[in-house]
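Student: I'll drop the sequence and a predicted model, then ask my questions.
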Amino acid sequence: MSYKVLIANRGEIALRAIRACKELGINTVSVYSEGDKDLKHLKFSDETVCIGPASPSESYLNIPAILSAAELTSANAIYPGYGFLAEDHNFAEMCEKSGFKFIGPTSDTIQKMGDKITAKTLAENSGIQIVPGYKDEIPSNQDEFKRIARNIGYPIMIKATAGGGGRGMRVVEKEEDLIGHAEITKQEAKNGFGNETIYLEKFIGNPRHIEVQIVGDGKGKAIHLGTRDCSMQRRHQKIIEEAPALNINKMSLDKTLKACITLCEEIQYEGVGTIEFLYEKDQFYFIEMNTRIQVEHPVTEMITGFDLVKAQLRIALGMPIDLNQDDISFHGHALECRINAEDPETFQPSPGTITKMHTPGGFGIRYDSHIYGGYKVPPYYDSLLAKIITQANSRSSAIKRMLSALDEFFIEGIKTNHPLHQRILHDKTFKENKHTINYLENEFLKNEA
């Protein structure tokens, strides 16, 4: 059977998907906005379709336009990538109803795991430890609401059930702030996600961010591909990721990996997914499940040799694939640095034209990017320009290799966070792997100021 996949995304992940499709002999259709007509991956796609103006709401979030492009080009399936519509259960459902295979989990699975309360219940039932809290509907009676918060114990975290990516959450340190913070969070959730439902959790003060990569065949079989440590982050946005996560309690890890597989088998998960945790004092606490490919998936690929994007395609299109846990082995350590178009001091976006650049290479170095000399970085989308990934026999060797790669790499014409990565990699706390999710903002950047 011949396949044709429409790639409903842009930038480096669109190019990554095209490469995987080409290796599998799959024809590709790439959609693009009027602001993206010069993207690199369009030159390598078999067909291209402009779906609207530069604004994401009129192009990459425009479901009717994407489905029309799929119908126009006779595509079999739609690849969502990450961001945009990748975790929109309505989009997945419309793909299904329109006769296009959504490359990922079913719309029902996306909806269940996208609702934080439902996801926590499913995770807990599978043996995954969750953050202590109150997952039922918050009572309208303020005294009862305060009593629930006191029982959990301050500080607490107010979260939107439809939130994610660091949005829709607020820490409450004392009772007098509870009602006001709850109302603000509800309003933000309503405006940002169309759902004002909130819930309460115990605030875990200084954890690491550890995640587990899983792959499921959609028929009740799943495997894991180990862990990643994404603790180096600013405002809940990851900057450096690595695999595997080190200095983890083995008993706690084994239990968590087993429970992650149980969860995915019980919900008959299809495709790749990531289960995210806070890790503190030898304990894992479930945060959420991302029902898509992650930006940081290359670090897992580098230590396992397992192509996650090709696995997505094979599973969705019914192509042969063997998912056996015993076949997965881990080799060395990998790091990923996200190069963003932003001022390294103020973190403000830095769109503009790249006048000159040089990319790194060499043994154990991978470079995933869509940019090139002369490319005009648009102001409408995520600031990610490139991902530099290194792999070596040990973490310290992977860091040294990354420093060499960063020394080779340069971009002129716009500002990037390249210098920030170099400073972090030289930092003693990072090199000793003692950083938590709060370290970059609360210590590293403040000490530099």
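Tutor: Noted; the coordinates are in hand.
Student: give me the neighbour count for Tyr269.
Tutor: Here the number of neighbours of Tyr269 (other C-beta atoms under 10 Å) works out to 27. (C-beta placed from N, C-alpha, C; glycine too.)
Student: spatially nearest residue to it, not counting backbone neighbours?
Tutor: Nearest residue to Tyr269 in three dimensions, chain neighbours excluded: Gly216, at 3.5 Å (C-beta to C-beta, 6 or more residues apart in numbering).
Student: any idea how far that neighbour lies from Ile315?
Tutor: 8 Å (C-beta to C-beta, to the nearest Å).
Student: what touches both of those two?
Tutor: 270-271 (C-beta atoms under 8 Å, 6 or more residues apart in numbering).
Student: neighbour-wise, which of the two wins?
Tutor: The neighbour comparison of Gly216 against Ile315 (other C-beta under 10 Å) goes to Gly216, with 25 against 21.
Student: for that one, helix, strand, or coil?
Tutor: Judged by DSSP: H, G, I helix; E, B strand; the rest coil, the three-state class of Gly216 is strand.
Student: isn't it right up against Leu263?
Tutor: No: counting by C-beta atoms under 8 Å, Gly216 does not reach Leu263; the two are 9.7 Å apart.
Student: where in the chain is pLDDT low?
Tutor: The model of the chain has pLDDT under 70 over residues 165, 449.
Student: could you rerun that using 90?
Tutor: 1-2, 116-117, 132, 134-140, 160-169, 188-197, 205, 236, 447-449 (pLDDT under 90).
Student: domains in it, as residue ranges please.
Tutor: Per automatic domain parsing, the structural domains of the chain span 4-103, 132-202, 208-448.
Student: same list, those, but as TSV with distance to Thr121 please.
Tutor: Converted to TSV, these look like this (distance: least, C-beta to C-beta, whole Å):
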stretch	distance to Thr121
domain 4-103	17
domain 132-202	7
domain 208-448	11
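Student: and those domains: which comes nearest Ala119?
Tutor: domain 208-448 (5.8 Å; C-beta to C-beta).
Student: how far does that closest one stretch from start to finish?
Tutor: Using C-alpha to C-alpha, to the nearest Å, the end-to-end distance of domain 208-448 comes to 22 Å.
Student: ok, stretch 414-421 next?
Tutor: 16 Å.
Student: over to stretch 204-221?
Tutor: Terminal-residue distance, stretch 204-221 (C-alpha to C-alpha): 32 Å.
Student: pull out the buried positions in it.
Tutor: Within stretch 204-221, the residues that qualify as buried are 204, 207-218, 221, counting by 16 or more other C-beta atoms under 10 Å.
Student: repeat that for stretch 386-404.
Tutor: 386-392, 395, 398-399, 401-402.
Student: check stretch 274-290 too.
Tutor: Quick answer for stretch 274-290 (16+ other C-beta under 10 Å): 274-279, 284-290.
Student: and the strands in the stretch 301-449 of the chain?
Tutor: 333-340, 352-353, 356-358, 365-369, 376-377, 384-392, 410-412 (DSSP state E, counting those that start in this stretch).
Student: distance check, the spatially most central residue of the chain against Ala243.
Tutor: By C-alpha atoms, centre = their mean, the mean C-alpha position of the chain lies nearest to Gln294, the distance being 3.7 Å. Gln294 sits 11 Å away from Ala243 when distances are taken as C-beta to C-beta.
Student: and what of Cys50?
Tutor: 37 Å.
Student: Gly374 too?
Tutor: Distance from Gly374 to Ala243, by C-beta to C-beta: 34 Å.
Student: between the two, who's got more neighbours?
Tutor: More crowded of Gly374 and Ala243, by other C-beta under 10 Å: Ala243, with 31 against 12.
Student: could you give the bridge partners of the more buried one?
Tutor: Residues in a beta bridge with Ala243, per DSSP bridges, are Ala334.
Student: among the buried residues of stretch 274-290, which are located in strands?
Tutor: Those of the buried residues of stretch 274-290 mapping onto strands are 274-279, 284-290, per DSSP state E.
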